[in-house]
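In: I would like to see how this sequence folds:
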Amino acid sequence: MNDKYSIVLIGAGKLANHLGPHLKKIGHDVVQVCNRTLNKAKDLADKLNAEAIDDLRNVETGADIYIIAVADDAIESIAKQLNFVNGVVAHTSGTTSMDPLSSLDNYGVFYPLQTFSDNAEIDMHQVPVIYEANNESALAKLRHLAMDISNKTAFLNSAERKQLHVSAVFANNFTNHIWAIAQNILERNNIDQSLIVPLINETVNKIQSNSAKDVQTGPALRGDSKTTDAHLLTLANHPIQKGIYELLTHSIQNSKL
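Out: Sure, this is the predicted structure:
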């Protein structure tokens with residue numbers, strides 16, 4: 001098995017813009033970037049010394065791996081247009097099974113578990129990469145690429161990966177929304193939002209070496225109804241935030257985790 005692969009990136013969004021440069025940095029050859037908007041493909045391809053294309057019919061047929069980094073509902077349509085390639089075709093979705101790729105001979109999943117933003121640098125070596133494939137040859141290639149990219153990799157089947165993705169939504173998307181609510185409460189009361197940043201940092205630090213359940217604190221855990229009732233009264237004019245507070249309080253007090 002070759003140490004380095006020729007790779008085609010399909011999609012030029014946030015993930016591709018983080019993954020592509022890292023692949024080039026560690027010695028893999030990104031030969032093409034395909035995107036329906038050619039200018040976006042060119043912006044990324046120029047950084048990678050790759051060819052930019054906007055038509056899947058012009059995809060290089062001899063690449064080792066084709067990484068589909070697009071919206072979930074476009075995966076199957078793209079896969080069906082790649083039935084002439086010989087390499088491994090892998091999508092990057094956290095929750096989509098391998099089924100949309102089943103029209104191909106060699107396929108799998110290559111899922112970097114991280115939130116990607118346009119202007120935030122991420123150390124890809126620290127991003128867990130989850131992989132799966134339909135045969136041993138494809139699996140070996142995706143495993144090798146995952147281990148070359150990241151210090152933490154795992155094989156999970158589609159059902160297991162879906163559970164991981166649900167967990168990730170709670171850990172990232174929902175947590176970020178809760179922080180946004182916290183900031184909104186301070187903003188509408190003209191209170192400096194930076195006052196809660198050390199608390200957020202310490203909360204994150206605690207779960208680096210502890211179970212989140214074991215370090216839970218607060219009035220809900222203590223059964224301090226006087227405080228929770230006061231908080232609900234404070235949120236009386238903001239019914240959505242009040243409802244979230246009530247739901248989370250109930251979850252903490254009745255947790256069967």
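
In: Please make it C-alpha for all contacts and neighbour counts, starting now.
Out: Noted.

In: what ranges do the helices span in the stretch 101-250 of the chain?
Out: Using DSSP state H, counting those that start in this stretch, the helices of the stretch 101-250 of the chain run over 136-149, 158-168, 175-188, 197-206, 219-222, 225-234, 239-253.

In: and of the ones you listed, who's closest to Tyr107?
Out: Nearest of the helices of the stretch 101-250 of the chain to Tyr107, taken as CA to CA: helix 136-149 at 6.5 Å.

In: Show residues contacting the closest one.
Out: 1, 22-23, 26, 88, 106-108, 110, 124-125, 129-133, 153 (CA atoms under 8 Å, 6 or more residues apart in numbering).

In: Verify the stated contact: Gln114 with Met124.
Out: No - the criterion here is CA atoms under 8 Å, and Gln114 misses it with Met124 at 9.2 Å.

In: ok so, going back, please identify the deepest-packed of the helices of the stretch 101-250 of the chain.
Out: Neighbour counts (mean count of other CA atoms under 10 Å) averaged over each of these peak at helix 136-149, with a mean of 19.

In: Could I have the CA atoms of it written out in PDB?
Out: Written as PDB, here are the backbone C-alpha positions of helix 136-149 (Å, rounded to 0.1, in the frame of the first residue of the first chain):
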ATOM      1  CA  GLU A 136     -11.100  -4.700   3.400                       C
ATOM      2  CA  SER A 137      -9.200  -2.900   0.700                       C
ATOM      3  CA  ALA A 138     -11.200   0.300   0.900                       C
ATOM      4  CA  LEU A 139     -11.100   0.000   4.700                       C
ATOM      5  CA  ALA A 140      -7.300  -0.300   4.700                       C
ATOM      6  CA  LYS A 141      -6.900   2.900   2.600                       C
ATOM      7  CA  LEU A 142      -9.300   5.000   4.700                       C
ATOM      8  CA  ARG A 143      -7.700   3.700   8.000                       C
ATOM      9  CA  HIS A 144      -4.200   4.600   6.700                       C
ATOM     10  CA  LEU A 145      -5.400   8.100   5.600                       C
ATOM     11  CA  ALA A 146      -7.200   8.600   9.000                       C
ATOM     12  CA  MET A 147      -4.100   7.600  11.000                       C
ATOM     13  CA  ASP A 148      -1.900   9.800   8.800                       C
ATOM     14  CA  ILE A 149      -4.100  12.800   9.400                       C
END
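
In: so how far is that helix from its chain's centroid?
Out: 19 Å (CA atoms, centre = their mean, to the nearest Å).

In: which stretches of the stretch 101-250 of the chain aren't confidently modelled?
Out: In the predicted model, the stretch 101-250 of the chain carries no residue with pLDDT under 70.

In: what about the nearest residue to Leu19 once chain neighbours are set aside, neighbour count?
Out: Leaving aside its chain neighbours, Leu19 sits nearest to Met124 (7.6 Å; criterion: CA to CA, 6 or more residues apart in numbering). Counted with other CA atoms under 10 Å, the neighbours of Met124 add up to 17.

In: For Met124, which residues are in contact?
Out: His18, Leu19, His22, Ile149, Ser150.

In: and what of Gln114?
Out: Val127, Pro128 are the contacts of Gln114 under CA under 8 Å, 6+ apart.
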